[in-house]
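Visitor: Everything below, folded, please.
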Amino acid sequence: MKNRKGAGNIKKNGVRSAAALLAALSVLGTGSSFIVNAQEGTGQPAAAGSDIAQTAEESTAQAGTAENTEPASETTAPNASGTAEKTESSIDEQVRAFYNDSVFVGDSIMLGFRRYSMKHKNDAFLKNLKFLAAGSYSVRNALVSKDDPENIHPVYQGEKRCIWESISLMKGKRIFIMLGMNDLNLSGIPGICDNYKELIGKIKESNPDSEIYIMGMTYVLHGAEKGRLRNDTIREYNSALEALAAENGWHYLNLADTLADKNGDLAPQYCSDGFVHQSAAAYVVWEKTLKEYALEQIMQQIKETEEAAPETEIPTLETEAPETEIETTIPNAAPTAAVPIPGAVTPAPEVAPPTSAPETIAAAPIG
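Guide: As a prediction, the model looks like this:
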């Protein structure tokens, strides 16, 4: 999935590379699940087929432990396990920071995730998530005026408001929206997309610095389809949402396929009511998927930052000395005398033969 505008201002605290982040996926597991009651404390009447109570048996996540069989060497550098713990802690902090000032908007499916988070209020990741969710909520009725007495807007600070107003009060920066379950039988896919654009336009108008994340609609249990609420239609709808996000510079998160069985239906273990609502086990997958998505976005930002950094040309030093012509003869130098070698036969110097004097002829006496 493509990050159209970057992942936000995430610092590389203690993380040296995308590879290190990828290796940290193993530490992003989740804890135990719990019983979910979909109608608990909603304050909203349930529409037919929309807000069916959800229950699920509590499940626990098991984590294995690894033993170090080799003794530590006294000459080794700093403790490796301590370094790993610090790296894991730093990554966890960055993943949590990614969802700071995030708001999750949705219908009863999102409402279930809110309750899951509230049950895990001591969880460092879940406890800070913020929600604007209501039973039977839809894209269409999200556009209804708050002055309409029949509006079903989520309650924030004791009052029903249009979500763009509540987002402003919450100072939301990343807005995750999952809507459409209650729209398909009323508006059809083109109509929902038009309403989505209008809704997000209002959110951006009131919150110009916010980033939009559209979450794909989750599937229906096999055999429980009703009207247009069929899995083939849901896949078509999600494809339209992904295209809409790409056209407008929004983000798209495919959550539906993480909960699907091999046939592309909502997996039975993730369904709580034989229809569309989800079990605690499903929300464990939500949590894991959101953590992995944040990690992908952080990695993408690091990659983009590294690619955008200007390349600095480092000057190279000349390593070869220039060739110099060396004079091999020394002018006006005295000839070198031969050094005698002990035991060697020294040839006698050649003696020049004597030069005979020229013959003298006596002059004859004169008269």
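Visitor: so for stretch 195-208, what's the average pLDDT?
Guide: For stretch 195-208, mean pLDDT rounds to 98.
Visitor: ditto for stretch 106-116
Guide: Stretch 106-116 comes out at a mean pLDDT of 98.
Visitor: list the buried ones in it?
Guide: G106, D107, S108, I109, M110, L111, G112, F113, R114, R115, Y116 (16 or more other Cβ atoms under 10 Å). Any C-beta I mention is one placed from the backbone N, CA and C, and that applies to glycine too.
Visitor: Stretch 94-103 too?
Guide: Q94, V95, R96, A97, F98, Y99, S102, V103.
Visitor: Mind putting those into CSV with secondary structure, distance to G191 and pLDDT?
Guide: Listed next are the buried residues of stretch 94-103 as CSV, based on DSSP: H, G, I helix; E, B strand; the rest coil; distance: Cβ to Cβ, whole Å; pLDDT from 0 to 100:
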residue, secondary structure, distance to G191, pLDDT
Q94, helix, 39, 93
V95, helix, 36, 94
R96, helix, 37, 95
A97, helix, 37, 95
F98, helix, 33, 96
Y99, coil, 31, 97
S102, strand, 28, 98
V103, strand, 25, 98
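Visitor: now, which of the residues you listed sits nearest M170?
Guide: Set against M170, the nearest of those by Cβ to Cβ is V103 (5.7 Å).
Visitor: Quick check: that closest one touching F131?
Guide: Yes: under the criterion of Cβ atoms under 8 Å, V103 makes contact with F131 at 7.1 Å.
Visitor: Next one: E287 from G112, what distance?
Guide: Noted for E287: a distance of 12 Å to G112, by Cβ to Cβ, to the nearest Å.
Visitor: show me what contacts N248?
Guide: For N248, the contact set (Cβ atoms under 8 Å, 6 or more residues apart in numbering) comprises K197, I200, I212.
Visitor: from the residues you listed, which single one is nearest I189?
Guide: For the contacts of N248, the nearest to I189 is K197 (13.0 Å; Cβ to Cβ).
Visitor: tell me the SS of that closest one?
Guide: The local conformation at K197, judged by DSSP: H, G, I helix; E, B strand; the rest coil, is helix.
Visitor: give me the number of residues near it?
Guide: Residues near K197, counting by other Cβ atoms under 10 Å, number 14.
Visitor: Same check on E88?
Guide: E88, neighbours per other Cβ under 10 Å, totals 16.
Visitor: sorry, back to before: may I see the contacts of N248 organised as JSON lines, with distance to G249 added?
Guide: Below are those laid out as JSON lines (distance: Cβ to Cβ, whole Å):
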{"residue": "K197", "distance to G249": "12"}
{"residue": "I200", "distance to G249": "11"}
{"residue": "I212", "distance to G249": "8"}
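Visitor: can you tell me which two in the buried residues of stretch 106-116 are farthest apart?
Guide: D107 and Y116 (15.0 Å).
Visitor: ok, back up a step: now tabulate the buried residues of stretch 94-103 in JSON lines and tack on distance to N151.
Guide: Converted to JSON lines, these look like this (distance: Cβ to Cβ, whole Å):
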{"residue": "Q94", "distance to N151": "38"}
{"residue": "V95", "distance to N151": "35"}
{"residue": "R96", "distance to N151": "33"}
{"residue": "A97", "distance to N151": "34"}
{"residue": "F98", "distance to N151": "32"}
{"residue": "Y99", "distance to N151": "28"}
{"residue": "S102", "distance to N151": "24"}
{"residue": "V103", "distance to N151": "19"}
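Visitor: and which of those residues is nearest L295?
Guide: The nearest one, if we look at the buried residues of stretch 94-103 relative to L295 and count by Cβ to Cβ, is V95, at 6.2 Å.
Visitor: for that closest one, what are its contacts?
Guide: By Cβ under 8 Å, 6+ apart, V95 lies in contact with L28, F125, K291, A294, L295, I298.
Visitor: Now do the fourth one against Y99, distance only.
Guide: Same thing as A294. Counting by Cβ to Cβ, the separation of A294 from Y99 is 7 Å.
Visitor: those strands in the stretch 101-250 of the chain, which residues are they?
Guide: 102-106, 130-133, 155-156, 159-160, 174-178, 211-215 (DSSP state E, counting those that start in this stretch).
Visitor: Also the stretch 251-367 of the chain?
Guide: Using DSSP E, counting those that start in this stretch, strands in the stretch 251-367 of the chain cover 251-253.
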